[in-house]
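Engineer: show me the folded form of this:
(2 chains)
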Amino acid sequence: SQKIEQNSEALNIQEGKTATLTCNYTNYSPAYLQWYRQDPGRGPVFLLLIRENEKEKRKERLKVTFDTTLKQSLFHITASQPADSATYLCALPRLDQAGTALIFGKGTTLSVSS
Amino acid sequence: EPEVTQTPSHQVTQMGQEVILRCVPISNHLYFYWYRQILGQKVEFLVSFYNNEISEKSEIFDDQFSVERPDGSNFTLKIRSTKLEDSAMYFCASSGQGARGETQYFGPGTRLLVL
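Structural biologist: Model prediction:
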C-alpha cells in the first residue's frame, strides 16, 4: 500500500532562515502532491499543489519541488517568521489513477524562534 | 470568505452510543469528505460523497459508519455504536468540482471523546 513519510517530526529554526521539509512516498506514482498547514486543534489549510509534470512551484515565500524519480517533495519556507510555526502536512491522492481522496503524512512541526 | 462549518465542536459520549457529527460544506461545492485524526497521529481519510452517494471509502469506514446529505446544506457522519478507539478529531472537507488535485477546504473539526 502507499506510504508517505515526512522525515522530521520537528524542525526548529531561527527567524529569517529557510525551512526545508521533506516528504517521501513509496509504492505508487501520484499525479500530484499537496502541502497543507495545520495549527493545533484546527483543520488542515491548503497551501500548494504540484503536479507530476511540474518540477517546482512557488507562492510568495513558499516553494515546492517534486521529484518523481526520487519519489520526494521538498517544501521550503524562505525568510521564515514566528507566524510560520505550525505543522506542515504532505498529502497525496489515495489512488494514483482515480479518486480525489487524500492520504496524509504525519507532518513536520516547524518552530520558528525570533 | 466561505468556510466549512462543523457542529458540535466537542462531543462526549458513552461507548455503544450513536453519535451524529454535522457539517455544512461551502455552498457551491459538490464533493464532500470526512477525515479523522486520532490525537498525535496523521489525518486519515474516511469517506467521500458526491451526487448523493459514496464515491470512495477507506477500510476504516465500516458498517458502523454512515453518511448522509439530509438537505441542501448539511452533510452528516453517523457512528452507530461508538467504540473507545473512535475517539478522535473528525474533519469535514469540501471541494468544488472534485477535480483531481483540487483544493479541499477543511472545517474546524469535531473532537469526539468516547468513554
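Engineer: any idea how far the nearest residue to A:G43 once chain neighbours are set aside is from A:G16?
Structural biologist: If the residues on either side of it in the chain are set aside, A:G43 comes closest to B:F106, at 3.3 Å by CB to CB, 6 or more residues apart in numbering or on different chains. From N, CA and C alone the C-beta is placed, and that goes for glycine too. To A:G16, B:F106 is 30 Å away according to CB to CB, to the nearest Å.
Engineer: ok, those two, which is more surrounded?
Structural biologist: B:F106 (23 against 11; other CB atoms under 10 Å in any protein chain shown).
Engineer: tell me the residues of chain B that contact chain A?
Structural biologist: Neighbours of chain A within chain B, by CB under 8 Å from any CB of the partner chain: B:4, B:31, B:33, B:35, B:41-45, B:48, B:55-56, B:58, B:89, B:91, B:93, B:95, B:98-109, B:111.
Engineer: name the helix or strand of the chain that has the lowest mean pLDDT.
Structural biologist: No chain in the question, so chain A it is. Least confident helix or strand, chain A: strand A:3-5 with a mean of 89, by mean pLDDT, DSSP states H and E.
Engineer: oops, I was thinking of chain B
Structural biologist: Least confident helix or strand of chain B, by mean pLDDT, DSSP H and E, is strand B:53-57 with a mean of 92.
Engineer: may I see the buried residues of the least confident helix or strand of chain A?
Structural biologist: A:I4 (16 or more other CB atoms under 10 Å in any protein chain shown).
Engineer: in chain A, which residue sits nearest chain B?
Structural biologist: Closest to chain B within chain A is A:G43: 3.3 Å, counting by CB to the nearest CB.
Engineer: in contact with that residue, which residues are there?
Structural biologist: When contacts are counted by CB atoms under 8 Å, 6 or more residues apart in numbering or on different chains, A:G43 touches B:V4, B:F91, B:A93, B:F106, B:G107, B:P108, B:G109.
Engineer: got those residues as JSON lines, with secondary structure and pLDDT columns?
Structural biologist: JSON lines is the format used below for these (DSSP: H, G, I helix; E, B strand; the rest coil; pLDDT from 0 to 100):
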{"residue": "B:V4", "secondary structure": "coil", "pLDDT": "97"}
{"residue": "B:F91", "secondary structure": "strand", "pLDDT": "98"}
{"residue": "B:A93", "secondary structure": "strand", "pLDDT": "97"}
{"residue": "B:F106", "secondary structure": "strand", "pLDDT": "97"}
{"residue": "B:G107", "secondary structure": "coil", "pLDDT": "97"}
{"residue": "B:P108", "secondary structure": "coil", "pLDDT": "97"}
{"residue": "B:G109", "secondary structure": "coil", "pLDDT": "97"}
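Engineer: A:G16 contacts A:S80, doesn't it?
Structural biologist: Yes. Counting by CB atoms under 8 Å, A:G16 does reach A:S80; the two are 6.7 Å apart.
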